[in-house]
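Participant: Mind looking at a prediction? Sequence and model below.
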Amino acid sequence: MEAEIVIPRPWSLTVPWDDKQDEASRELLVSREWLLTNGNGGYASGSLSGVVTRRYHGLLVAALPAPLGRIVMLTQVSEEIRLPGGEIVRLAGQESPGNPLTLDWVNRLIEFRLESGLPVWRYRVGDFILEKRILLPNRQNTVHLTYKLFGGEGTARLRLRPFMHFRPHEGPVDQPMEGPYQITARGNKVEIQPLKKSADGSNMASCPPLRMLPAIGPGALVLDGGSCHDIFYRNEFRRGYEARGEVWTPGYFRFTLQKDQVASLIASTEDWETIVALDPEQAWEAEIERRRRLLCTADPRAREGPAAQLVLAADQFIIAPTTRTADVARAQAAGDELRTVIAGYHWFTDWGRDTMISLEGLTLITGRSTEAGYILRTFSQYIKDGLIPNLFPEGEREGLYHTADATLWYFHALHRYLQYSGDRSTLKILLPKLVDIFQHHVKGTRFGIQVDARDGLLSQGAEGYQLTWMDAKVGDWVVTPRRGKAVEINALWYNALRLLETWVREERGDDEAEEIRHHAEKARSSFNQRFWYEQGQYLFDVVDGERGDDPCLRPNQLLAISLDHPVLEQRYWKPVLDAVARTLLTPVGLRSLAPESPDYKARYDGDLRARDAAYHQGTVWAWLVGPFIDAWLRLYPNDRRTAYGFLEGLIPHLQEAGVGTISEVFDADEPFMPRGCIAQAWSVAEVLRCLVKTEH
């Protein structure tokens, strides 16, 4: 089977495979996934084959106002063609443990490609070629499915049968359907309204209706009484969750097609005026133009090849959230726009830490500094007790604040934004809040986050909470608590102090900056005394922890070198980098723990407990290649060629897992299988940033 990526032009990516009827071809099509997003937090996703394998797969997962959140509105559309001679062809199938897919449909799919990041399929059916395109118009909970027939003679009849189960996208697949579905048809416009019982026993709407329209072609809905079908979700089975669930269909839409004719079906939760504002051809052209502009505004070094694909992938994470309507109103009242970053697809929401680490790669390298400003000002509105939120739970209006590092990454993100934009007005707006953050950390704030007056180092930790980025938790078990003085927390603290010192000095004068300078110098002196692990020739991961000083070799120490203000003395840089490179570096990122550790886990797989036990205990993280390359170039500033080599193993990954994007994690040992989210914001952001940084 071919493994290379073919990039015919700067923004097109084709995934090849053998046309043999073998297990490898089947697995490629079923295990590889595609992803589209709508800029509001909603998305569409599935396997290349059309087989539904995750609870999160759907052709329309709408982002709706809290408390609804993201709802799977349209799970699947089955496609069936009756050829002129009467033969009926189905373009995909479904599988179960005792009923594996047959392979006859594998050879019908002759091409899958991303055209400007948009998925396109081509099938051979008899003498015809049928092309399918899927599009989510920007900032709408709408999906367009468009089919075009090429070649052949005579008339083909296309049946599109929609399947649905209106449920939260993270909800179990066996969640019972709430009640009856109300179907309303006016001409060719169809509305399907899920109902549930109210307190008085009457039916009431549980979420907005799904509106469907055959937009191009002589299509019509044929109601056949409605029926339920069973789906086996293979990825949920492998992850230890309920894997069987029912979906419902009211009937099918039928179209007749001849050579060069087009049929299109629209499904949406928007109002009809919005739905019909653009026909599918106009919507496609508008989206292609929007994506062309994304490439034109990006850094010139990111306008072709893999970097261009990652510019388009970066767009998937930047959203104008529609779920928190009050926050939108407050931002707009102040003349601003609400923006945030989805940490990963399919199951993450917006996370403070991930947003700040990703900000440069997602918005500044891509020429979207205006949106970077929106994001920074958005998060400033959530600062509470000197902290920005760790995350916003699905469908909720309030954030959770259990994080010791997200707020410190906020200083780093703001600094990079100011370097790109020169936006001093935003700095003036935020400076009082930044000083307040400093003061809260010095005197102590939530979760035991406080500067130790004896040595100036930042300590953190509260029973039952995971406050660093190594945040796996199963029930009451915090897998990597790291309570005490964590190495990267103090590297970030020192960096934040130096940045704040400079900003305060520039805006308020020397006197106020002097206290901050004193804290920075004390922290740096103590850091170099306390964190150097002479026996191992690298840095302790935690000092003054629950079990003393922790000598586990982890990648966190890289931040002591990689940040704009490195806290580590230069004489330690090379041995630290050598230790990390020798033990943790892989072709797809860095291991989270050295293989020599007794807690090392080689595979991130199995049920939730097994996965979380491995999450930061060896599992490779792609985003860590960013700090590693930054540290490398700090030590070897003229060796960009070698630095680029650390990224080369991630380029072929663009045709694996989530096609055209980068996964969250990988197994710690060869063959470094991609795991976790198929698309992760900081993975894409850091690889894109470093591709540009290492261009030679």
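Facilitator: Alright, I've got the coordinates.

Participant: which residue packs closest to Val276, ignoring adjacent ones?
Facilitator: Leu213 (7.4 Å; C-beta to C-beta, 6 or more residues apart in numbering). In short, each C-beta sits where N, CA and C put it, glycine included.

Participant: Kindly state the beta-bridge partners for that neighbour.
Facilitator: Per DSSP bridges, residues listed as beta-bridge partners of Leu213: Ile266.

Participant: I'd like the distance between the spatially most central residue of the chain and Gly649.
Facilitator: Centroid-nearest residue in the chain, with C-alpha atoms, centre = their mean: Gly344, separated by 2.1 Å. Gly344 sits at a distance of 20 Å from Gly649 (criterion: C-beta to C-beta, to the nearest Å).

Participant: Over to Val125?
Facilitator: 38 Å.

Participant: who's more crowded, those two?
Facilitator: Val125 (19 against 16; other C-beta atoms under 10 Å).

Participant: you'd agree that one is up against Leu109?
Facilitator: No - applying C-beta atoms under 8 Å, one finds Val125 not in contact with Leu109, separated by 10.4 Å.

Participant: list residues touching both of those two?
Facilitator: With contacts defined as C-beta atoms under 8 Å, 6 or more residues apart in numbering, the residues adjacent to both Val125 and Leu109 are Leu91.

Participant: His169: how many residues sit nearby?
Facilitator: Neighbours of His169 (other C-beta under 10 Å): 23.

Participant: ok, for it, nearest residue in space, not its chain neighbours?
Facilitator: That would be Arg70: by C-beta to C-beta, 6+ apart, it lies 4.5 Å from His169.

Participant: which other helices and strands contact the helix or strand harbouring that neighbour?
Facilitator: Secondary-structure assignment from DSSP states H and E places Arg70 in strand 69-74. In terms of contacts (3 or more C-beta pairs under 8 Å, 6 or more residues apart in numbering; DSSP states H and E), strand 69-74 is packed against strand 58-64, strand 167-168.

Participant: show me the contacts for the residue nearest to His169.
Facilitator: Going by C-beta under 8 Å, 6+ apart, Arg70 touches 41-43, 61-64, 168-170, 323, 394-395.

Participant: Just the pLDDT for it.
Facilitator: In this prediction, Arg70 carries a pLDDT score of 95.

Participant: Any idea what it is bridged to?
Facilitator: Ala63.

Participant: Relative to Glu170, how far out is it?
Facilitator: 8 Å.

Participant: And Met356, by the same measure?
Facilitator: For Met356 relative to Glu170 (C-beta to C-beta), the value is 24 Å.

Participant: can you check Ser526 too?
Facilitator: Distance, Ser526 to Glu170, by C-beta to C-beta: 43 Å.

Participant: In terms of neighbours, single out the busier of these two.
Facilitator: For Ser526 versus Glu170, neighbours defined as other C-beta under 10 Å are more numerous around Ser526 (20 against 15).

Participant: Verify the contact between that one and Ser459 for me.
Facilitator: No - counting by C-beta under 8 Å, Ser459 is not a contact partner of Ser526; they are 11.6 Å apart.

Participant: quick one: Gly536 and Ala579 touch, right?
Facilitator: Yes - assessed by C-beta under 8 Å, Gly536 is found in contact with Ala579 at 6.9 Å.

Participant: Give me the helices and strands touching the helix or strand harbouring Glu488, please.
Facilitator: Per DSSP H and E, Glu488 falls inside helix 487-508. The contact analysis (3+ C-beta pairs under 8 Å, 6+ apart) places helix 487-508 against helix 406-421, helix 424-443, strand 458-459, helix 510-530, helix 559-562.

Participant: between those, which one is nearest to Ala333?
Facilitator: Within the helices and strands packed on helix 487-508, the stretch nearest Ala333 is helix 424-443; the backing value is 15.1 Å (C-beta to C-beta).

Participant: That closest one to helix 510-530, inter-axis angle?
Facilitator: Helix 424-443 and helix 510-530 meet at an angle of 50 degrees, taking axes from the mean of the first three to the mean of the last three C-alpha atoms, to 10 degrees as the criterion.

Participant: what's the distance between whatever helix or strand comes next after helix 424-443 and the middle of its chain?
Facilitator: Scanning forward in sequence from helix 424-443 by DSSP H and E, the next helix or strand is strand 450-451. Computed by C-alpha atoms, centre = their mean, to the nearest Å, the chain-centroid distance of strand 450-451 equals 32 Å.

Participant: which residues touch strand 450-451?
Facilitator: Contacts of strand 450-451 (C-beta under 8 Å, 6+ apart): 441-444, 457-460, 493, 519, 523.

Participant: Using CSV, lay out the residues you listed together with neighbour count and distance to Arg611.
Facilitator: Formatted as CSV, the contacts of strand 450-451 follow (neighbours: other C-beta atoms under 10 Å; distance: C-beta to C-beta, whole Å):
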residue, neighbour count, distance to Arg611
His441, 23, 33
Val442, 17, 38
Lys443, 11, 38
Gly444, 14, 34
Leu457, 23, 32
Leu458, 25, 30
Ser459, 22, 29
Gln460, 26, 25
Trp493, 29, 31
His519, 20, 39
Ala523, 23, 35
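
Participant: Format the residues you listed as a markdown table; extra columns: pLDDT.
Facilitator: Compiled in a markdown table, those are given as follows (pLDDT from 0 to 100):
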| residue | pLDDT |
| --- | --- |
| His441 | 98 |
| Val442 | 98 |
| Lys443 | 97 |
| Gly444 | 97 |
| Leu457 | 98 |
| Leu458 | 98 |
| Ser459 | 98 |
| Gln460 | 97 |
| Trp493 | 98 |
| His519 | 98 |
| Ala523 | 98 |
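
Participant: Alpha carbons only: can I get the helix holding Glu488 in PDB?
Facilitator: Extracted C-alpha coordinates of helix 487-508, given in PDB (Å, rounded to 0.1, in the frame of the first residue of the first chain):
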ATOM      1  CA  VAL A 487       9.900  22.500  36.500                       C
ATOM      2  CA  GLU A 488       7.800  24.000  33.700                       C
ATOM      3  CA  ILE A 489       5.600  25.900  36.000                       C
ATOM      4  CA  ASN A 490       8.600  27.800  37.400                       C
ATOM      5  CA  ALA A 491      10.100  28.300  33.900                       C
ATOM      6  CA  LEU A 492       6.800  29.800  32.900                       C
ATOM      7  CA  TRP A 493       6.600  31.900  36.100                       C
ATOM      8  CA  TYR A 494      10.100  33.400  35.500                       C
ATOM      9  CA  ASN A 495       9.200  34.100  31.900                       C
ATOM     10  CA  ALA A 496       6.000  35.800  32.900                       C
ATOM     11  CA  LEU A 497       7.800  37.900  35.500                       C
ATOM     12  CA  ARG A 498      10.400  39.200  33.000                       C
ATOM     13  CA  LEU A 499       7.700  40.000  30.500                       C
ATOM     14  CA  LEU A 500       5.600  41.800  33.100                       C
ATOM     15  CA  GLU A 501       8.600  43.700  34.400                       C
ATOM     16  CA  THR A 502       9.300  45.000  30.900                       C
ATOM     17  CA  TRP A 503       5.700  46.000  30.300                       C
ATOM     18  CA  VAL A 504       5.300  47.700  33.600                       C
ATOM     19  CA  ARG A 505       8.600  49.600  33.200                       C
ATOM     20  CA  GLU A 506       7.500  50.800  29.800                       C
ATOM     21  CA  GLU A 507       3.900  51.800  30.800                       C
ATOM     22  CA  ARG A 508       4.300  52.800  34.500                       C
END
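
Participant: okay, Gly536 and Ala579: which has more neighbours?
Facilitator: Taking neighbours as other C-beta under 10 Å, Gly536 and Ala579 compare with Ala579 leading, 18 against 15.

Participant: How about that one, nearest residue that isn't a chain neighbour?
Facilitator: In space, and not counting its chain neighbours, Ala579 is closest to Tyr538: 4.0 Å by C-beta to C-beta, 6+ apart.

Participant: That neighbour: what's it in contact with?
Facilitator: Per C-beta under 8 Å, 6+ apart, neighbours of Tyr538: 553, 557, 575-576, 579-580.
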